[in-house]
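Chemist: Predicted model follows, preceded by the sequence.
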Amino acid sequence: MTIPDLECTDLTKRFGDTSAVENVSFEVPPGSFFSILGPSGCGKTTIMRMIAGFLAPTSGDIRIKGRSVLDAPPNKRPVNMVFQHLALFPMMNIADNIGYGLRRQGVSKPEITRKVGEVLERIGLPDIGERKVDELSGGQKQRVAIARCMVLEPDVLLLDEPLGALDLKLREHMKIELKALQSAFDTTFVYITHDQSEALVMSDNIAVMNAGRFEQIGSARDLYYRPETPFVASFVGDSNRWRGRVVSVSGDNLRLRNESGLDLCGNSHGRPVSDGDEAEIFVRPEAIRLGRGEADIAHFDNRLSGRVTSLLFNGAASRILLRPDSGGEEIEVALPQSGEFAHLSRGDTVHVGWSSDQGNCFATETG
């Protein structure tokens, strides 16, 4: 049996009467990319600081390579941390920045030179050792900050929203670069973010966190297509949501009627939902198909017509907002990339449809 690089068991942190983290347990296999995704204030950074040793947990255990590190101070734990503000030393050149931790450990100068050269090669910047920090681009600084950690050969690298200070285009590029760097070093990365796109693109597994607890741990595909809770369904990706009462159930298939009298077909995907339950259905904008006439959507068990109220142009991710003729809230619908509906205008009438399997249904918690 392979020992996880990182294992947290029943991790809890309370500040007075406030519970920041409550009974969180997870394992991170060797050489994997694990993300903790959640809104601001949900407890992500508190977990990271406990792993790094900057905070002591109220209860629970943290093991790295099978050994508890609760009694180890931060500088004795086999982890390193990359922050949003990279904290590179401006008075040092790049080679000195990367070798700083090795000098603190008393490593010989020839060995430092060798290790710094090797890590610069691995981040794809072999010739920048003599350059100053302010001569680098944002992406290069990011790679140097990671190299400064990786030269110390940590068992686990912690990354606290490291892309938050970058502009959008560079952030998109660095998502790919970070995943490539993690693979190149074959080191376990634990990454925290509130940006779902970062987590979905880079991670082998993701924990979705809410109010101090993990709602679900799984692959990006699992979280996106088979969310286990309404919070995960609404937080990961975009969704249309309808609330109402279940009026019929057949296996996992069900029919829900909302307050405006609209009947919707959905699927519980094995979740407990019974006839008469208050429930909600989530449907992704890209799961809804556009048609110019009723015949185009006749094969779907959910069919609506309505008028376009807004056009949200964003290239391949363009969408429309649709007001159903039957009343109720607007529906967000992804435009197909074929360009077939590129000339839609506000006020146009369209027909939309989707299958019941695309509707993730959850019984509404009460009490």
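Modeler: Cool, got the structure. In this text the structure is predicted, and so the values were computed from the model without any measurement.
Chemist: And the strands in the stretch 101-250 of the chain, which stretches?
Modeler: 156-160, 188-193, 205-210, 213-218, 240-250 (DSSP state E, counting those that start in this stretch).
Chemist: if you compare those strands, which one is most tucked away?
Modeler: strand 188-193 (a mean of 25; mean count of other C-beta atoms under 10 Å). From N, CA and C alone the C-beta is placed, and that goes for glycine too.
Chemist: Strand 205-210 and that strand, what's the angle between them?
Modeler: 30 degrees (axes from the mean of the first three to the mean of the last three C-alpha atoms, to 10 degrees).
Chemist: Numbering from 48 from now on, please.
Modeler: I'll keep to 48 as the first residue from here, and by that count the last item is strand 235-240.
Chemist: Identify all contacting residues around strand 235-240.
Modeler: Under the contact criterion C-beta atoms under 8 Å, 6 or more residues apart in numbering, strand 235-240 has outside partners 52-53, 75-84, 91-92, 94-95, 98, 202-210, 225, 229, 245-246, 249-250.
Chemist: which regions of the stretch 98-247 of the chain lie under the pLDDT threshold?
Modeler: Applying pLDDT under 70 to the stretch 98-247 of the chain picks out residues 131, 133, 212.
Chemist: ok, which stretches of it are helices?
Modeler: For the stretch 98-247 of the chain, the helices defined by DSSP state H, counting those that start in this stretch cover 141-151, 156-169, 185-197, 215-232, 243-249.
Chemist: and these as a markdown table, adding distance to residue 392?
Modeler: A markdown table is the format used below for the helices of the stretch 98-247 of the chain (distance: least, C-beta to C-beta, whole Å):
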| stretch | distance to residue 392 |
| --- | --- |
| helix 141-151 | 53 |
| helix 156-169 | 52 |
| helix 185-197 | 39 |
| helix 215-232 | 28 |
| helix 243-249 | 29 |
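Chemist: Generate JSON lines for those, with mean neighbour count and distance to residue 120 as supplementary columns.
Modeler: JSON lines is the format used below for the helices of the stretch 98-247 of the chain (neighbours: other C-beta atoms under 10 Å; distance: least, C-beta to C-beta, whole Å):
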{"stretch": "helix 141-151", "mean neighbour count": "19", "distance to residue 120": "14"}
{"stretch": "helix 156-169", "mean neighbour count": "15", "distance to residue 120": "24"}
{"stretch": "helix 185-197", "mean neighbour count": "21", "distance to residue 120": "18"}
{"stretch": "helix 215-232", "mean neighbour count": "16", "distance to residue 120": "25"}
{"stretch": "helix 243-249", "mean neighbour count": "20", "distance to residue 120": "30"}
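Chemist: With respect to residue 362, which of those helices lies nearest?
Modeler: helix 215-232 (12.6 Å; C-beta to C-beta).
Chemist: what angle do the closest one and helix 156-169 make?
Modeler: Using the same axes, to 10 degrees: helix 215-232 against helix 156-169 is 120 degrees.
Chemist: From the chain's centroid, how far away is helix 215-232?
Modeler: Relative to the centre of its chain, helix 215-232 is centred 14 Å away, using C-alpha atoms, centre = their mean, to the nearest Å.
Chemist: Packing partners of that helix?
Modeler: If you count contacts as 3 or more C-beta pairs under 8 Å, 6 or more residues apart in numbering; DSSP states H and E, helix 215-232 packs onto helix 156-169, helix 185-197, strand 235-240, helix 243-249.
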